[in-house]
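In: Here you go, sequence then predicted model.
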Amino acid sequence: MQNYEILEKIYESKSTLIHKVRNIRDNNIYAMKEFIGFYNQALSEIQIMKQCQIPFVVKLKEVFRLDDNVVIIMEYADQGNLKQFINEHLGSFISERVICKILIQIVFVLIYLRENKICYKGLNPENILIHQEQVRICDFGIDNLIQHQKPSYRPPELLFHNKFSYKSMMYQFGLVLYELTTQRQLFKFEVIEQIKAVILNGGAIVKIPQIYSKQLRFIIATCLDLQETDRLDIRQLVHNENFKILLKQKHFTFTYEQEDTFEFWSNNKQQKQKRKSVCTDNFDFDSKDQTQKDQQIIQEDKSNNNKTINLGPKTNSKQPIPKLNLKKPHDDTLTLRPISQQTKGTQSYTIIKSNTFSRQNFISSTHRKLVSPIPKPQWIDFLQKPQYLDAPIKPQTIINNLIKLKMEQCVETIGIEETRQTLNRLRQGGSVNEFLSKYQDSKHHCIARHMQDIISFTQL
């Protein structure tokens, strides 16, 4: 503890206390989580965090004892959580590009949790942090026990039957996506009996704005199905055609590791397992035949008293393994998406290399033309090179049109003089809090967001 300086308190509950701290040695900022009692539960969370040192999960740095409490030092999220992100966009729609990138990053984590048999009960916007424009899922500990969960994020099977499964995580995932698309919770109240009454009467009305694609609306609706058996599992989701369509959008950029993960799970897993089983079956069949022939020869030699030595050439009676016809059709071409410019030339840690998603050279077959030569696969460092949620490369004409449109909206709402004064204040390093202190409605929050966009666009 002597190596860390406490800066401010972030969160406090009956079981945990979280502070923002600074490391005196390296001057980096971290989050310090102290467990007040609950020693066994603290060890359980530490064990899960060590197992889940993968992209889009909060990284664990250090663990030590402070008096009778357990303390962990972990990665600090510099952009708050997803709940704060949603509140910043009240009154305006979050673009589908941003929502889909958040969706895909969370799916990346859910795949890993499902395959490692980890049931995460705390999936809600407050536990989804944003660090360097990337998602960071946190809080695998006692705050996610049934008695600590928010009632509005409890699945129906947990409310009525005290049951939680992998499909219950998908229901919570659907609630997160619903809140991203509508800027409101599906259940506005936190009283369990009221939520039960709404579910018994047919459930809340899931109405998603039509500006979003039918693929995204389908995923949200199926995740929010009240019947657990009719709900999509994470394995079914990545095999679903609607998810594949979202995954192939042109404005998405993936690293090799991310691309190989989704290509493996959504397209080629069953086919690869089928090929593997065919090869192993043929090999086992031939080896059994060979052992039977060897046993027959041994028995014949034992029955024969004459000991002879055969000096002739050995004959191999083993039949060759039949080759599989794995040729592609002539109209198909092998393609591999180019590496993102934001992560080019970096290498990952050994802990990322050893996880289940590091499948390199796993090329998929599509009907596109070969857009670029196939480069050598490179390991990507998710900790140093961020994949931005909303950072596509825009042409200069589009940037100018966006600046003009946002400027017109600002002038129409607050006038040209106040727009100029506020923009000059922001260019000099000022904050929008002074502007927002005059107004409290959501419209002026949008205007403040527009002015921040104008400043950032003019710097491109």
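Out: Received, thanks.
In: From here on, just use CA atoms for contacts and neighbour counts.
Out: Fine.
In: My guess is V135 contacts L103. True?
Out: No: contact between V135 and L103 fails when scored by C-alpha atoms under 8 Å: they sit 9.5 Å apart.
In: neighbour count winner among the two?
Out: The neighbour comparison of V135 against L103 (other C-alpha atoms under 10 Å) goes to V135, with 28 against 20.
In: Apart from its chain neighbours, what residue comes closest to that one?
Out: Leaving aside its sequence neighbours, V135 sits nearest to F56 (C-alpha to C-alpha, 6 or more residues apart in numbering; 5.2 Å).
In: so G174 sits in a helix?
Out: Yes: per DSSP: H, G, I helix; E, B strand; the rest coil, G174 lies within a helix segment.
In: I'd like to know how many residues surround the nearest residue to F38 once chain neighbours are set aside.
Out: Counting by C-alpha to C-alpha, 6+ apart, S15 is the residue found nearest to F38 once chain neighbours are left out, at 7.2 Å. Burial of S15 is recorded as 15 neighbouring residues (other C-alpha under 10 Å).
In: Over to E434?
Out: E434 is flanked by 11 other residues according to other C-alpha under 10 Å.
In: go on, the one 4 residues further on?
Out: For K438, the number of neighbouring residues by other C-alpha under 10 Å comes to 9.
In: ok, it to R449 distance?
Out: 15 Å (C-alpha to C-alpha, to the nearest Å).
In: ok, now how distant is L226 from R154?
Out: 11 Å.
In: between these two, who's got more neighbours?
Out: R154 (23 against 18).
In: What residues does the nearest residue to that one once chain neighbours are set aside make contact with?
Out: For R154, ignoring the flanking residues on the chain, the nearest one in space by C-alpha to C-alpha, 6+ apart is Q172 at 7.3 Å. Q172 is in contact with L123, N124, Y153, R154, P155, counting by C-alpha atoms under 8 Å, 6 or more residues apart in numbering.
In: in stretch 180-192, what counts as buried?
Out: Within stretch 180-192, the residues scored as buried using 16 or more other C-alpha atoms under 10 Å are L180, T181, T182, Q183, L186, F187.
In: Actually, stretch 101-119.
Out: Quick answer for stretch 101-119 (16+ other C-alpha under 10 Å): 101-114, 119.
In: Go through those and flag which are in helices.
Out: Secondary structure from DSSP state H places 101-114 of those in helices.
In: Identify the farthest-apart pair in the residues you listed.
Out: Between any two of those, the greatest separation by C-alpha to C-alpha is 20.0 Å, found for K101 and R114.
In: what about whichever strand or helix holds Q409, average pLDDT?
Out: Assigned by DSSP states H and E, Q409 belongs to helix 396-414. Average pLDDT, helix 396-414: 77.
In: name the helices or strands packed onto it?
Out: With contacts taken as 3 or more C-alpha pairs under 8 Å, 6 or more residues apart in numbering; DSSP states H and E, helix 396-414 sits against helix 416-427, helix 442-458.
In: R231: which of these is closest?
Out: helix 442-458 (35.2 Å).
In: tilt between the closest one and helix 416-427?
Out: Angle between the axes of helix 442-458 and helix 416-427 is 60 degrees (criterion: axes from the mean of the first three to the mean of the last three C-alpha atoms, to 10 degrees).
In: so where is the protein shaky, pLDDT-wise?
Out: Along the chain, the model assigns pLDDT under 70 to residues 1, 141-149, 249-398, 440-442, 457, 459-460.
In: Go again with 50.
Out: Low-confidence segments of the chain (pLDDT under 50): 143-144, 268-290, 294, 297-298, 301-302, 304-388, 390-394.
In: quick one, domains of it?
Out: Here the domain assignment for the chain is 4-75, 82-247, 256-275+333-391, 396-458, based on automatic domain parsing.
In: Okay then, goodbye and thanks.
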